[in-house]
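Trainee: Structure of the sequence below:
(chains A, B, C, D, E and F, ligands or ions: 12)
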6 protein chains.
Amino acid sequence: TPESEERTAVPGVSTGLAVTGMGGDVLFVEASAPVTDEPLQPGEGGTRLTLTGQLGEVMKESAQIALSYLRAHGAEQGIDAARLRGSVHLHVPAGAIPKDGPSAGVTMVTALASLASGRLVRGDVGMTGEVTLNGRVLPIGGVKQKLLAAQRAGLKTVFVPQRNEPDLDDVPDEVLAELDVRPVSDVAEILEYALEPAAQQGGAVAA
Amino acid sequence: TPESEERTAVPGVSTGLAVTGMGGDVLFVEASAPVTDEPLQPGEGGTRLTLTGQLGEVMKESAQIALSYLRAHGAEQGIDAARLRGSVHLHVPAGAIPKDGPSAGVTMVTALASLASGRLVRGDVGMTGEVTLNGRVLPIGGVKQKLLAAQRAGLKTVFVPQRNEPDLDDVPDEVLAELDVRPVSDVAEILEYALEPAAQQGGAVAA
Amino acid sequence: TPESEERTAVPGVSTGLAVTGMGGDVLFVEASAPVTDEPLQPGEGGTRLTLTGQLGEVMKESAQIALSYLRAHGAEQGIDAARLRGSVHLHVPAGAIPKDGPSAGVTMVTALASLASGRLVRGDVGMTGEVTLNGRVLPIGGVKQKLLAAQRAGLKTVFVPQRNEPDLDDVPDEVLAELDVRPVSDVAEILEYALEPAAQQGGAVAA
Amino acid sequence: TPESEERTAVPGVSTGLAVTGMGGDVLFVEASAPVTDEPLQPGEGGTRLTLTGQLGEVMKESAQIALSYLRAHGAEQGIDAARLRGSVHLHVPAGAIPKDGPSAGVTMVTALASLASGRLVRGDVGMTGEVTLNGRVLPIGGVKQKLLAAQRAGLKTVFVPQRNEPDLDDVPDEVLAELDVRPVSDVAEILEYALEPAAQQGGAVAA
Amino acid sequence: TPESEERTAVPGVSTGLAVTGMGGDVLFVEASAPVTDEPLQPGEGGTRLTLTGQLGEVMKESAQIALSYLRAHGAEQGIDAARLRGSVHLHVPAGAIPKDGPSAGVTMVTALASLASGRLVRGDVGMTGEVTLNGRVLPIGGVKQKLLAAQRAGLKTVFVPQRNEPDLDDVPDEVLAELDVRPVSDVAEILEYALEPAAQQGGAVAA
Amino acid sequence: TPESEERTAVPGVSTGLAVTGMGGDVLFVEASAPVTDEPLQPGEGGTRLTLTGQLGEVMKESAQIALSYLRAHGAEQGIDAARLRGSVHLHVPAGAIPKDGPSAGVTMVTALASLASGRLVRGDVGMTGEVTLNGRVLPIGGVKQKLLAAQRAGLKTVFVPQRNEPDLDDVPDEVLAELDVRPVSDVAEILEYALEPAAQQGGAVAA
Ligand SMILES: [Ca+2]
Ligand SMILES: [Ca+2]
Ligand SMILES: [Ca+2]
Ligand SMILES: [Ca+2]
Ligand SMILES: [Ca+2]
Ligand SMILES: [Ca+2]
Ligand SMILES: [Ca+2]
Ligand SMILES: [Ca+2]
Ligand SMILES: [Ca+2]
Ligand SMILES: [Ca+2]
Ligand SMILES: [Ca+2]
Ligand SMILES: [Ca+2]
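Mentor: Ligands and ions are numbered 1, 2, ... in the order given. Presented below is the predicted three-dimensional model:
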């Protein structure tokens, strides 16, 4: 099984795609929150967001945007944002490698939605795309390298921004043949597919 | 339909105009607030303003000015600022492009007023202008490029500062023929026109 | 009517005088506070001061001094500082022009006193002077350029620091003939004249 | 009357001595606190110290030391530090002139003690000296220039650190003849003399 | 007895391995929390993490990750994270030597788990490895130097990341003969072995 | 009597040893806390630590370590850390001289323990040594210069880190003859000797 299956075996982890100095690579976004054994207090309505993984300014802003999207629009997608109040920690390993750019936006939304809902992210799904406060998916760079990395990593389905569709012409046919590449314009389309049903997971817990 | 119609299809989004290194361009200001499922607490009377989009110092100050204008004068324009207490996030895509200057002031006021009231911003309206704490609209630069961009983007009505009226002489007649350019000295004039009536929107929801 | 009449038509705005790279100029200090629809909470006894307008360090300190002066000595001048608890925003347009120096101190005191009392600042009054925590008015520079600017702007009465009186010798007679220049050593003298009576304004509201 | 008499006519102001690029000079430390119309809240037990006057790092630390000295040892000198809870503002005019160094420590203690007690500081008293957390007075530089400045300013009594007594040899006899120079090793000795009796002031209020 | 036995004689201390300019070295991570004589207050649900030891950015992030791992997953390993609420201080002596990198992650998790549970860390155990928010152990550098240092320091068991197993080929046989080197992919495997049973310690206290 | 006797005549002051550009010197650490006339509030369980004396980063971290040691382990040494909640100020005169390094750790622990217990530090005792979160004393530099300074200052007993014992070979015999040099590995050994008995001090107050 590919590494992404292992990494996404807990809620809060989503598989992204990045461009590095040596081509493309798979990148995991981890979201975590304390197990709270007491009801949230009045003053804890806001979110204390901890960001690690040597994230640059733009990527830190992406995390804030992802969080605000879910706090404002999560309910429309069946995601209860209550779990995103209090402390939330978002980490992007490896810890020592600097990362930046807006293209992990959709991956951050998905990781936080998984944490909030307790629903796992499918292990064979990758994604890339800037996200806005309203969930719109904006175009990013490095589509070719990212899809090559997705195929190498054994992913099956990859979400890319609608406006990056023309970039698919540059991707080798053999790569496209092995991937289900889905251009999207709204991150809700990603959440709908990438999050495993709550029922399936509930069943696993009951087993 | 132009992109501005799509972007402004949710409350909290307003269409501005910017000067970039390659002429003028349309810019969207997004405002968002968490869906609050509990009454605001005493200590949450103030606003925690999150600003993203690689905004420069002057543009960040514009956002604070826009917020303070609505908290002090919103009620005079029929805008209840209660929704602007607690957490408010203001984002200006694209996330990786640095932006600065005071000319998005009126666009920020309009986006926040839309968020606070739930009334949509008309999708065919663009605007540019510095705003003061009392809503006065001060002149800005790049009128010609901004109006060219507004026309290219399919906007119909564009608000500019009264004191920029002389700059209209430099704008090609064919551009002015397609745009309803409205010089204003108070941002309240923009709010009055650019925000769709609350009733109309209520009807849409009921349909 | 001069611009200063328009700008000071709402409480919280006072007319100052500045020296720019191109001589003197009129400058407006705007103070604003949210319309509060609920009693202040215990923890909100302090003031959260937001400062905008690209103010330099010295000018930011002037704002803090102006606020502290009114919180400690306002009652002696009939100014109830209660409105200055909670959030207060002080802005000096134009938003993109850097400003610095201590000479707007008296203008800031007057703008905040106007906000606190709801009394308008007279539109034909200008002022310049550093202020101390106890309201003493200390000398400033650029008296000649500032008075020339005051006359050009149609102001009638201008307050200057007592210790700047010798600088009046350098001001052209025709300028002094049109201005009522009042040297003062305490900002209370400015407040007493520059703030319109509360009664007069109450009458306007009743009309 | 010398300027120091005017400046110290309100509680919270003390006269210090400084060395500038052009010899010595008199310097005033102003302390201020809001007139509180409500009892302090539980969370307001600490002090929010605002420091202005373009103070350097060492001078800012002096202010913290002065405050902590009074909060721990004030009662031993009959100074109730309760007034020093909540917001306290300490300003050293002129606002645009950078200042640094530890030698205003005793002046800051005296200004804060005057504010806390409501007792005026004698207008003919000047002082210089670093202070420690326990009130010990440590030696400073520029004794000669400071005493010359004290005499020029019409001061009668000047406190200097005990360990600076040898420096008095360098001060002209005519200056020493006009000044009552008092070397001290504990700031309590300064407070005892420099603060006017509470009774005298109470009488003035009753008159 | 080796130094590690002495250092780990109190809960909250774990033995790590570092690469320095002069080969490898043993490094101790100390975790501490105030003895609280009163129940935690509602507002104290979060953790105020103090980090000392001249830690670089990446190492500070490792500490945050270690804490978040235990607050989210501690209970799964029998670690009650309640002790990690309120103030927690994490120190890595020596105080003047700058340290950085992600490889102390597992050591930090173990030190904090020891503090939270009151269970001592075995004195003959060393460890190195980056940790993610979900406890996954990622590869690090300097395996050879670190194992040489572990042997020199008299350690018996050393945990290394699974993905560093190939690096063991470079380690001299005589070193491997004296060490029980255990490659792991989840920090829970380290906690299970390295923390002494709670019962054993209870007995020691009773003795 | 030596200066150290005078300086340590109030609780909260301890005598350390430093290396300066001109050999060794005696250094005093002063700890202070407000006299609190009301019970501490729930939210005041933590410590607001103010550090002054132009302390460098490492020395500031030493202060945090000293505080955390006492909050976690003070009770084991009979030191009630309750006085160390709320505001604590730690100052190292002279105010304008930059200081850094970890070797004042034990002096800071002793000063804070004296403040917390009200027990004076013996005036003829000096000390130097880095301290860890668990009270272990780590080696420092400059032993020879520090002991020379201790003797010059009239100290009788000096605590040094155990691991610095070899450095005593470099100290002149006549210096060692006049000093009782005590190598220690745990700061508790210093506290046990350096703090005067509480009884003795109580008697002094009763006298
Ligand atoms: Ca899976
Ligand atoms: Ca395909
Ligand atoms: Ca529309
Ligand atoms: Ca037209
Ligand atoms: Ca008017
Ligand atoms: Ca005149
Ligand atoms: Ca007097
Ligand atoms: Ca004399
Ligand atoms: Ca052991
Ligand atoms: Ca082995
Ligand atoms: Ca003694
Ligand atoms: Ca000896």
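
Trainee: Need the pLDDT of residue A:22.
Mentor: pLDDT, residue A:22: 85.

Trainee: That one: neighbour count?
Mentor: Residues contacting residue A:22 under the criterion other Cβ atoms under 10 Å in any protein chain shown number 7. Where you see a C-beta, it was placed from the backbone N, CA and C, and this is true even at glycine.

Trainee: Quote the end-to-end distance of stretch A:165-176.
Mentor: 12 Å (Cα to Cα, to the nearest Å).

Trainee: Give me the residues contacting it.
Mentor: A:143-144, A:147-148, A:151, A:160, A:181, A:183 (Cβ atoms under 8 Å, 6 or more residues apart in numbering or on different chains).

Trainee: tell me the mean pLDDT for it?
Mentor: Mean predicted confidence for stretch A:165-176 is 97.

Trainee: how far does the helix or strand harbouring residue A:176 sit from the chain's center?
Mentor: Per DSSP states H and E, residue A:176 falls inside helix A:173-178. Computed by Cα atoms, centre = their mean, to the nearest Å, the separation of helix A:173-178 from the middle of its chain amounts to 23 Å.

Trainee: quick one: buried residues of that helix?
Mentor: residue A:175 (16 or more other Cβ atoms under 10 Å in any protein chain shown).

Trainee: where does the helix or strand that comes right after that helix sit relative to the chain's centre, distance-wise?
Mentor: Remark: after helix A:173-178, the chain's next helix or strand is strand A:180-184, criterion DSSP H and E. Relative to the centre of its chain, strand A:180-184 is centred 15 Å away, using Cα atoms, centre = their mean.

Trainee: and what of stretch A:106-120?
Mentor: Stretch A:106-120 sits 7 Å away from the centroid of its parent chain (Cα atoms, centre = their mean).

Trainee: Pipe the contacts of stretch A:165-176 into a markdown table and attach distance to residue E:99 and pLDDT per row.
Mentor: A markdown table is the format used below for the contacts of stretch A:165-176 (distance: Cβ to Cβ, whole Å; pLDDT from 0 to 100):
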| residue | distance to residue E:99 | pLDDT |
| --- | --- | --- |
| A:143 | 40 | 98 |
| A:144 | 40 | 97 |
| A:147 | 39 | 98 |
| A:148 | 37 | 97 |
| A:151 | 39 | 97 |
| A:160 | 41 | 98 |
| A:181 | 44 | 98 |
| A:183 | 46 | 98 |
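
Trainee: buried set for stretch A:25-33?
Mentor: If you call a residue buried by 16+ other Cβ under 10 Å, then stretch A:25-33 has these buried ones: A:25-33.

Trainee: and chain D, which of these reach it?
Mentor: The subset of the buried residues of stretch A:25-33 lying close to chain D, counting by Cβ under 8 Å from any Cβ of the partner chain, is empty.

Trainee: helices or strands up against the biggest helix by length in chain A?
Mentor: Scanning chain A for the longest helix, with DSSP state H as the assignment, gives helix A:57-73. Secondary-structure packing of helix A:57-73 (3 or more Cβ pairs under 8 Å, 6 or more residues apart in numbering or on different chains; DSSP states H and E): strand A:47-52, helix A:105-117, strand A:130-131, strand B:23-32, strand B:47-52, strand B:86-91.

Trainee: After the longest one, which helix or strand is next?
Mentor: The first helix or strand that comes after helix A:105-117 along the chain, using DSSP H and E, is strand A:125-127.

Trainee: what's the answer for the third one, then?
Mentor: Scanning forward in sequence from strand A:130-131 by DSSP H and E, the next helix or strand is strand A:137-138.
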